[in-house]
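> pasting a predicted model and its sequence here:
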Amino acid sequence: MYFSDIPGMDELKEKLMESVKNKRVSHTQLFFGPEGSANLALAIAYARYIQCNQPTENDACGKCPSCLKYNKLQHPDLHFIYPVAKKGKSSESDENESSDKSGDEPSSLDFIKEWREFILTNKALVSYKDWLEFAGFVKRALIYTRDTREIFKRLNYKSFESQYKILIIWYPEKFFHSASHRLLKSLEEPPDKTVFILVSENKDEILPTILSRCQSTFVPPFTQPELKQALQNNLHLSETESSHYASIADGNFVVARHLANENSDFHNYFDFFANWFRYCYNFKYKPKKTEAKEAPYFTEALKIFESMGQEGQKHFLLFGIRLLRNSLFYSVKTEKLVKLEGEEQLFARNFSPFVHSQNITLYSDAFGKAIMALERNSSPNMVFTNLTISVHELISATRTKSVS
């Protein structure tokens, strides 16, 4: 991972590179950002830049021995700690076992091969849930005392090749309680020329005593153009596909990737949503033959919705909420806040007379209840039918009020 692999965030990248150029690298740093952000990718790119033998003005050189080893995440002075569990066993059950049995505890080093493959395959744009699935863990994983003991022992040795030894701790909020106290002690008395980089999605779950010793850097979610670029770079999606998934995922690369993987045949949410809402407006509506195959005859619409699968259905509804909120921006004369393009923007503007400050909450509640019902494994046909009736009633109420 290089800085150039991460779209946007130019000011943040420049700030990090300046700290290296000016030899003001803080020994304990926290990169925090929401799921699907580039927090881990940025941490690895920063570590590469610190340990690069011939860094350029804008990135690591990519040619020196250090950079070549980073290509496989096998630099001897780069270390990782991340949540782990016994294969086929959750860490929830491990918590009930004595933490004194350190020989029974799993360690990051036990899964270093899987970890490197996971990070390199996904360009470090990953989630905790994805790691559990990739590594074959059940329910959840933790960071144990054994991990801190083994890694910190290594950090007390002299560096092999670089000026700095770097330890990247992914998901420090998953520290087992005894391990977090050992980390705190190391942060209070850090080994010489050692940089700790903590990478978190839930900053508030980290011990305050650890947070107080970190220089914090917020890694924002991708903007829509940045996410579109990331999808094209990493998944090699077309212009149309990348724009579509970027508009749905709301800055979350992990969500966008899941949607792309689930919809390998590229299901266009917008075409279906627009036809469905026209049907909600008028139950006699039928699409023209030239329009999308997703014909919104209600029985056909039910089949389409059901074919999306649970995650696809939820993201389709989230896409709908986002479109309606943008319609509200037109309704209340705040068009500058609209973050849509093309047909989606046109639809949001045309539908704005039916969305206002009094009913946007009702729309959001109806869609939110539908998502909750899907998460509880309710029948998608029933969920979609109920939501269709609710949307029809909201539109009809607005039409009646405008006529009167």
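Received, thanks.

> next secondary structure after the worst-scoring helix or strand of the chain on mean pLDDT?
In the chain, the helix or strand scored least confidently by mean pLDDT, DSSP states H and E is helix 91-94, which has a mean of 51. For helix 91-94, the succeeding helix or strand toward the C-terminus, using DSSP states H and E, is helix 112-121.

> pull out the buried positions in the very next helix or strand once past that following helix.
Going down the chain from helix 112-121, the next helix or strand is helix 128-135, by DSSP H and E. By neighbour count with 16 or more other Cβ atoms under 10 Å, helix 128-135 contains the buried residues 128, 130-132, 134-135. Just so you know, the C-beta spots here come from the backbone N, C-alpha and C atoms, and that holds for glycine as well.

> can you give me the helices for the stretch 301-404 of the chain?
Remark: helices assigned in the stretch 301-404 of the chain by DSSP state H, counting those that start in this stretch are 309-331, 342-351, 360-375, 380-403.

> distance of the residue nearest to Arg325 when sequence neighbours are not counted from Glu173?
Leaving out its chain neighbours, the residue that sits closest to Arg325 by Cβ to Cβ, 6 or more residues apart in numbering is Ile360, at 6.9 Å. Distance, Ile360 to Glu173, using Cβ to Cβ, to the nearest Å: 34 Å.

> same check on Gln215?
Relative to Glu173, and taking Cβ to Cβ, Gln215 is found at 18 Å.

> go on, Val199?
10 Å.

> more neighbours: which of the two?
In terms of neighbours (other Cβ atoms under 10 Å), Val199 is the more surrounded of Val199 and Glu173; the figures are 25 against 19.

> and that one, what are its bridge partners?
Phe31, Trp170 (DSSP bridges).

> per-residue confidence for the residue nearest to Arg325?
Predicted confidence (pLDDT) for Ile360: 93.

> contacting residues for it?
Counting by Cβ atoms under 8 Å, 6 or more residues apart in numbering, Ile360 touches 324-325, 328.

> look up how far Tyr330 lies from it.
With the distance defined as Cβ to Cβ, Ile360 ends up 12 Å from Tyr330.

> ok, Glu341 next?
In terms of Cβ to Cβ, Glu341 sits 14 Å off from Tyr330.

> with neighbour numbers in mind, choose between the two.
More crowded of Glu341 and Tyr330, by other Cβ under 10 Å: Tyr330, with 19 against 12.

> leaving out sequence neighbours, find the closest residue to that one.
Of all residues beyond its chain neighbours, the one nearest Tyr330 is Ser352 (3.7 Å), with distances taken as Cβ to Cβ, 6+ apart.

> and if you look at Thr28?
Using Cβ to Cβ, 6+ apart, the nearest residue to Thr28 is Phe196, at 4.6 Å.

> helix/strand/coil for that neighbour?
strand (DSSP: H, G, I helix; E, B strand; the rest coil).

> tell me who's in contact with it.
27-29, 167, 169, 186-187, 190.

> ditto for Ser379
Listed by Cβ under 8 Å, 6+ apart, the contact set of Ser379 is empty.

> so how far is Gln313 from it?
In terms of Cβ to Cβ, Ser379 sits 11 Å off from Gln313.

> with Val25 instead?
If you go by Cβ to Cβ, the gap between Val25 and Gln313 works out to 46 Å.

> can you check Lys15 too?
In terms of Cβ to Cβ, Lys15 sits 41 Å off from Gln313.

> check Lys286 too.
As judged by Cβ to Cβ, Lys286 and Gln313 stand 23 Å apart.

> please identify the most buried of the helices of the stretch 301-404 of the chain.
Of all the helices of the stretch 301-404 of the chain, helix 309-331 carries the top mean neighbour count, a mean of 19, counting by mean count of other Cβ atoms under 10 Å.

> which helices and strands does it pack with?
The contact analysis (3 or more Cβ pairs under 8 Å, 6 or more residues apart in numbering; DSSP states H and E) places helix 309-331 against helix 239-249, helix 253-262, helix 269-281, helix 342-351, helix 360-375, helix 380-403.

> what's around the residue nearest to Glu239 when sequence neighbours are not counted, how many residues?
Using Cβ to Cβ, 6+ apart and skipping residues adjacent in sequence, the residue nearest Glu239 is Gln232, 7.6 Å away. By other Cβ under 10 Å, 17 other residues sit near Gln232.

> could you measure from Gln232 over to Asn350?
Taken as Cβ to Cβ, the span from Gln232 to Asn350 is 29 Å.

> can you check Pro83 too?
On the measure of Cβ to Cβ, Pro83 and Asn350 end up 47 Å apart.

> cool, Phe298 as well?
When Phe298 is compared with Asn350 (using Cβ to Cβ), they lie 22 Å apart.

> got it, and Ile395?
Counting by Cβ to Cβ - Ile395 and Asn350 are separated by 13 Å.

> likewise Phe160?
63 Å.

> then Tyr46?
46 Å.

> repeat that for Arg182.
60 Å.

> now Asn53
On the measure of Cβ to Cβ, Asn53 and Asn350 end up 58 Å apart.

> now do Leu12
38 Å.

> cool, Asn202 as well?
When Asn202 is compared with Asn350 (using Cβ to Cβ), they lie 40 Å apart.

> thanks a lot, catch you later.
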